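*Asks:* Everything below, folded, please.
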Amino acid sequence: MRTADRSAYLAYLMPGLLLGTEIGHHGWLAPAWCLALTVLGHFWSKSAFDRDPK
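*Replies:* Predicted structure coming up:
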């Protein structure tokens, strides 16, 4: 799966929720990707800012 396809889950989820159309399996994939990216960003920023300044 390409990166662009992964980010499209939110694009399919939001109109589905707002307009009442079918969202299929995007209902659980969109929050899962958001959570995964949030956790990844958290650990990346912790490692970047916990370095000893030189």
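*Asks:* from here on, contacts and neighbour counts on C-alpha atoms
*Replies:* Will do.
*Asks:* Quick one: list the elements packing against the longest helix seen in the chain.
*Replies:* Scanning the chain for the longest helix, with DSSP state H as the assignment, gives helix 26-49. When contacts are defined as 3 or more CA pairs under 8 Å, 6 or more residues apart in numbering; DSSP states H and E, helix 26-49 sits against helix 3-19.
*Asks:* what residues does the helix it packs on touch?
*Replies:* 21, 22, 23, 26, 27, 29, 30, 33 (CA atoms under 8 Å, 6 or more residues apart in numbering).
*Asks:* circling back to that earlier point, tell me the angle the longest helix of the chain makes with helix 3-19.
*Replies:* 130 degrees (axes from the mean of the first three to the mean of the last three CA atoms, to 10 degrees).
*Asks:* I'd like the distance from helix 26-49 to the chain centre, please.
*Replies:* Put simply, helix 26-49 sits 6 Å off its chain's centre (CA atoms, centre = their mean, to the nearest Å).
*Asks:* Using CSV, list the CA coordinates for it.
*Replies:* Output in CSV follows, covering the C-alpha atoms of helix 26-49 (Å, rounded to 0.1, in the frame of the first residue of the first chain):
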residue,chain,number,x,y,z
HIS,A,26,-12.1,3.1,7.0
GLY,A,27,-13.9,3.6,10.3
TRP,A,28,-11.2,1.8,12.3
LEU,A,29,-8.2,2.4,9.9
ALA,A,30,-8.3,6.2,10.1
PRO,A,31,-8.0,6.4,13.9
ALA,A,32,-5.4,3.6,13.9
TRP,A,33,-3.2,5.6,11.5
CYS,A,34,-3.7,8.8,13.5
LEU,A,35,-2.7,7.0,16.7
ALA,A,36,0.3,5.3,15.1
LEU,A,37,1.6,8.6,13.7
THR,A,38,1.0,10.4,17.0
VAL,A,39,3.0,7.8,19.0
LEU,A,40,5.8,7.8,16.4
GLY,A,41,5.9,11.7,16.5
HIS,A,42,6.0,11.6,20.3
PHE,A,43,9.0,9.3,20.5
TRP,A,44,10.8,11.1,17.7
SER,A,45,10.4,14.5,19.3
LYS,A,46,11.4,13.1,22.7
SER,A,47,14.6,11.7,21.2
ALA,A,48,15.3,15.0,19.4
PHE,A,49,14.8,17.2,22.4
